[in-house]
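Chemist: sequence? don't have it. structure:
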């Protein structure tokens, strides 16, 4: 059971149930022969069922309460108990030392790729818990995906048996507790991390009534999680002040500061996967409906963004488990807007990806946010064009991109220094 604040500030209770079962061979090589998982959120369910059939592994995906069913056949699939228990086995052989590292792998049934993990011991902590000596490990975890942009780095705490006792996921601090304490949702707790990034001075009250093409911030604190690519320029002055410029400089065209794309990226972000089943007829038809026969690429992107903005009603309390749920419910927050946009863009032939970071909330904070980037060809070169379908904005300047989709726990504040609007007006807010 999850409690959260809804759009109107009232408490919203969501019931979430996850079932997960795997069956392995009882003898070496202990290969995975069946996989089942089901995710139920209130009245919406999705599931994956997989089983070994000869030399193949057949997967069946059911979304939107089984209204959408898809099958995938994997060849040369090989996952075993050796992979599953690699970290546990490592801890049981001998106590690890600082800088010791173990490699393992998992299989992502949504992206259909193997993820190589490297876990490195950063620190061994000796403390007392309830007056008893207690030793645990601080570890760094690196998940290596097929392309570097999808790599994910995290930190977590492990006990002496190799069991994770605290880690972060989706902006929450998850920690090992007794069942009684974990189920007591009325107990005051600091589990939820305040994700907002403070702005030390104020934006103009009419900021969202105009179109800003460039914003300059001073970063106070650790800037490591902020992306320094594309239309975000980072520099350190001789005085040591750290500046972040978002948007285009004066007299620059839209693509002069865009991040270039590689061929491997464009291939990867055009994949048809269970997460992005854009070749499904319902998605293909919806993409064509949005485009209305448009031929120019940039205009196609404008039309797709506008379509999603109109199609999906803003609703923080509506949580979808798949793009089919989004299409059916027509409600959601930035995650649902972005998921639908990426699928429609891929169906239109554009490599597209979800990105994340923070968006200015209009009242003094930058809050966690998701939007998209689309690979677009300009003069024989390809660039990542930011698109925010929630706000119906192309190349938005009201957002700050993080290094990866999960990097939302920023340990910094911002000081607004300058805003330049599209009409040429400049406002200096601090020096």
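Modeler: Yep, it's here. Keep in mind the model is a prediction, meaning the values are calculated, not measured. Numbers count the residues shown, from 1 in each chain.
Chemist: which residues are in contact with residue 236?
Modeler: Contacts for residue 236 (CB atoms under 8 Å, 6 or more residues apart in numbering) come out as 242, 243. In short, each C-beta sits where N, CA and C put it, glycine included.
Chemist: any idea what it is bridged to?
Modeler: Using DSSP bridges, the bridge partners assigned to residue 236 are residue 242.
Chemist: and it, how far from residue 228?
Modeler: Separation of residue 236 from residue 228 (CB to CB, to the nearest Å): 11 Å.
Chemist: then residue 312?
Modeler: 31 Å.
Chemist: so these two - more neighbours on which side?
Modeler: More neighbours surround residue 312 than the other of residue 312 and residue 228, with 26 against 13 (other CB atoms under 10 Å).
Chemist: so the more buried one sits against residue 338, correct?
Modeler: No - here residue 312 lies out of contact with residue 338, judged by CB atoms under 8 Å, at a distance of 9.8 Å.
Chemist: ok, and what's touching stretch 148-160?
Modeler: 91, 95, 122, 135-145, 164-168, 265, 268, 353, 404-406.
Chemist: the same query, at a cut-off of 7 Å, please.
Modeler: 135-145, 164-168, 265, 404, 406 (CB atoms under 7 Å, 6 or more residues apart in numbering).
Chemist: ends of it, how far apart?
Modeler: This stretch, stretch 148-160, spans 31 Å end to end (CA to CA, to the nearest Å).
Chemist: report the buried residues of that stretch.
Modeler: Residues of stretch 148-160 classed as buried: 149, 150, 156, 157, 158 (neighbour count, 16 or more other CB atoms under 10 Å).
Chemist: below-threshold pLDDT in this protein: ranges please.
Modeler: 1-12, 128-132, 168-173, 181, 184-195, 249-256, 404-410 (pLDDT under 70).
Chemist: tell me the helix or strand right after the helix or strand hosting residue 58.
Modeler: Using DSSP states H and E, residue 58 maps to strand 56-63. As assigned by DSSP H and E, the chain's next helix or strand after strand 56-63 is strand 68-75.
Chemist: restricted to strands, list the contacts of stretch 148-160.
Modeler: 135-144, 164-168 (DSSP state E).
Chemist: need the strands for the stretch 301-431 of the chain, in chain order.
Modeler: Applying DSSP state E, counting those that start in this stretch to the stretch 301-431 of the chain gives strands spanning 313-314, 331-332, 352-360, 365-378, 381-388, 393-394, 399-401, 412-421, 426-428.
Chemist: report the angle between the longest one and strand 352-360.
Modeler: The reference is to strand 365-378. Orientation note: strand 365-378 sits at an angle of 150 degrees relative to strand 352-360 (axes from the mean of the first three to the mean of the last three CA atoms, to 10 degrees).
Chemist: so which elements touch strand 365-378?
Modeler: Under the contact criterion of 3 or more CB pairs under 7 Å, 6 or more residues apart in numbering; DSSP states H and E, strand 365-378 touches strand 197-198, helix 297-311, helix 334-347, strand 352-360, strand 381-388, strand 399-401.
Chemist: helices or strands next to the longest one in the packing?
Modeler: Where contact means 3+ CB pairs under 7 Å, 6+ apart, helix 297-311 is packed against helix 281-291, helix 334-347, strand 365-378, strand 381-388, strand 393-394.
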